[in-house]
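[1] this is a predicted model, with the sequence first.
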Amino acid sequence: MLFDFANVNFMKLLLTYLILCSVTTYTATALKAEFQIGTKSSVEADLECTACKAHIHVLKGQVIPECLACGINTHWKLE
């Protein structure tokens, strides 16, 4: 017999699937999070200015500042 269904632990199988889906969803959401100046950060993150490559660290709920070099033209991305 190729596969013995009697010895399969379906709870472990379901939990494995749910954990993988949860991690994938969280990662995709975190990477697509918008980091626009003047808005509150939805997550704690290290950001990099796309123009001048300056780095900052923002906490969850912290207002995202302008880059000191780029001013209102700042575009942040995750490091």
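    That came in fine, so what should we check first?
[2] neighbours of Ile56, how many?
    18 (other CB atoms under 10 Å). For the C-beta atoms, the positions are set from N, CA and C on the backbone; glycine is no exception.
[3] report the secondary structure state of it.
    strand (DSSP: H, G, I helix; E, B strand; the rest coil).
[4] quick one: pLDDT of it?
    We note a pLDDT of 94 for Ile56 in this prediction.
[5] next one: the one 4 residues further on
    Lys60 carries a pLDDT value of 91.
[6] buried ones in stretch 72-79, by neighbour count?
    74, 76 (16 or more other CB atoms under 10 Å).
[7] same deal with stretch 53-71?
    In stretch 53-71, counting by 16+ other CB under 10 Å, buried: 56, 58, 64, 67, 70.
[8] and the next helix or strand past the helix or strand containing Leu13?
    Applying DSSP states H and E as the criterion places Leu13 in helix 10-32. Next helix or strand after helix 10-32 toward the C-terminus (DSSP H and E): strand 45-49.
[9] contacting residues around that next one?
    30, 33, 35, 54-58, 64, 67, 69-70, 74-79 (CB atoms under 8 Å, 6 or more residues apart in numbering).
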